[in-house]
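Trainee: Requesting a structural model of the entry that follows:
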Amino acid sequence: MPSTRVTFRARGAALAGTFTTPAHSGPFPTALLLAGSGPLDRDGSHKRLKLNVSGQLAAELAKAGWASLRYDKRGVGASEGDYLSTGFFDELADAEAACDWLIAREDVASVVAIGHSGGAVQSVELAGREPVLAGAVLLATSAKTGEETLRWQARQIGEKLLPTPVRAIMRLFRTDMLKQQDKSIAKLKATTADVTRMNLAKVNAKWMREFIAYDPLPALAAASVPLLAITGSKDVQVDPADLRVIAQTAPNAQVLEVPDVDHILRHEPGPHSNPRHYGRQIEQPLDLRVSEAVLAWLAELPALRRAA
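Mentor: Numbers count the residues shown, from 1 in each chain. Purely as a prediction, here's the structure:
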């Protein structure tokens, strides 16, 4: 699959990415691939955890005749800027710039946003803001506010991820994971700087404040283009039950819960997923049921079928 290193301008910085195409000539239906939250590169990988969600999706899309753009986040990899001072809505503005860059290309016939986790939230917003989009795919996304999502995650840790002896010790010492999370959220809300320290580590406080306050429901309701939302049944970072909310809120949404798939879209045969095991999980490819569902949905998009 031919791939070209590219750059585009976004809010005064050059963001670096990869434009991948099928072997045949264009113009192509094209996917804008948006990685999850955190300092992730164009493949959707962290320097300490090679998730490679976007990289694998790009390869599967090219086999199916789709081009794609994926890029290093601001301040990550070859992209200019400072990640730690980049806010939630700054990242959305970068995604809009990437979308505009694609639309201006003669070899791009149409654009669909495909986002994973935090990138799926950006896809929801683009679906409401960018009338040129043919559709959007939301992989492992939440229908809750950012604050509600963080509190839900804390409950999963307390109820599922901690070993039984540890939970017993926490009860003995009256340690409540949800209360601890609420304290962290309150501390972040009280900050005004772009960057703060929590547990001795620098944290992107601007991004966290904006995420905590963010509610995806208005964007879901405003999305006039077709949406596909996929979440794995073993996801412990977003609530699979939110798929029902998405189906009820977005005017043109299909939803799919994939059994035994976790947040990083890998097969998880155990009773539940654990982010501590992601290092082993990434040795597997993305679950084939996820990529097949995405490709099948893309093939049936009304806008693309009319164009063909």
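
Trainee: Going along the chain, name the strands of the protein.
Mentor: Remark: strands assigned in the chain by DSSP state E are 3-10, 13-20, 28-34, 67-71, 108-116, 133-139, 195-198, 201-204, 227-232, 253-258.

Trainee: can you put those strands in TSV and add mean pLDDT, mean neighbour count and distance to Ala58?
Mentor: In this view, the C-beta of every residue, glycine as well, is placed from N, C-alpha and C. Converted to TSV, the strands of the chain look like this (pLDDT from 0 to 100; neighbours: other CB atoms under 10 Å; distance: least, CB to CB, whole Å):
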stretch	mean pLDDT	mean neighbour count	distance to Ala58
strand 3-10	96	15	8
strand 13-20	98	21	5
strand 28-34	97	28	6
strand 67-71	98	27	5
strand 108-116	96	25	10
strand 133-139	96	27	13
strand 195-198	88	14	32
strand 201-204	88	14	26
strand 227-232	98	26	17
strand 253-258	98	18	20
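
Trainee: Indicate which one of those is closest to Asp90.
Mentor: Evaluated over the strands of the chain, closeness to Asp90 peaks at strand 3-10, with 9.0 Å, by CB to CB.

Trainee: Next, the angle strand 13-20 makes with that closest one.
Mentor: Relative orientation of strand 3-10 and strand 13-20, computed by axes from the mean of the first three to the mean of the last three CA atoms, to 10 degrees: 150 degrees.

Trainee: Give me the contacts around stretch 36-44.
Mentor: With contact meaning CB atoms under 8 Å, 6 or more residues apart in numbering, stretch 36-44 is reached by 16-18, 33, 35, 46-47, 50-55, 70-73, 75-77, 83, 116-120, 140, 207, 211.

Trainee: repeat that with 6 Å
Mentor: Residues from elsewhere that reach stretch 36-44 (CB atoms under 6 Å, 6 or more residues apart in numbering): 17-18, 35, 46, 51-55, 70-73, 76-77, 83, 116-119.

Trainee: Wait, Val255 touches Leu243, no?
Mentor: Yes. In terms of CB atoms under 6 Å, Val255 counts as a neighbour of Leu243; the distance is 4.1 Å.

Trainee: where do the contact lists of those two overlap?
Mentor: With CB under 6 Å, 6+ apart as the test, Val255 and Leu243 both reach Ala229.

Trainee: To what extent is the nearest residue to Asp41 once chain neighbours are set aside buried, counted in neighbours?
Mentor: Take Asp41 and drop its neighbours on the chain: the residue closest to it by CB to CB, 6 or more residues apart in numbering is Gly77, 4.3 Å away. Close neighbours of Gly77, defined as other CB atoms under 10 Å, add up to 17.

Trainee: And Gly77, how far from Glu60?
Mentor: 22 Å (CB to CB, to the nearest Å).

Trainee: Please apply the same query to Ala16.
Mentor: Distance from Ala16 to Glu60, by CB to CB: 22 Å.

Trainee: quick one, what contacts Gly232?
Mentor: Here Gly232 is in contact with Val258, Val261, Asp262 (CB under 6 Å, 6+ apart).

Trainee: I'd like those residues laid out as a markdown table, including distance to Leu102.
Mentor: Formatted as a markdown table, those follow (distance: CB to CB, whole Å):
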| residue | distance to Leu102 |
| --- | --- |
| Val258 | 28 |
| Val261 | 29 |
| Asp262 | 30 |
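
Trainee: which one of these is nearest Ala247?
Mentor: Nearest member of the contacts of Gly232 to Ala247, counting by CB to CB, is Val258, at 15.3 Å.

Trainee: Ala222 touches Glu130, doesn't it?
Mentor: No. With contacts counted by CB under 6 Å, Ala222 stays clear of Glu130, the gap being 11.5 Å.

Trainee: quick one, which of the two is more surrounded?
Mentor: Neighbour tally, Ala222 and Glu130, criterion other CB under 10 Å: the higher count belongs to Glu130, 19 against 15.

Trainee: what's the pLDDT at the more buried one?
Mentor: With respect to pLDDT, Glu130 has a value of 71.

Trainee: still on that earlier bit, give me the ChimeraX select line for the contacts of stretch 36-44, limited to the buried ones.
Mentor: Buried residues among these (16 or more other CB atoms under 10 Å), as a ChimeraX selection:
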select :17,18,35,51,52,53,54,55,70,71,72,73,76,77,83,116,117,118,119
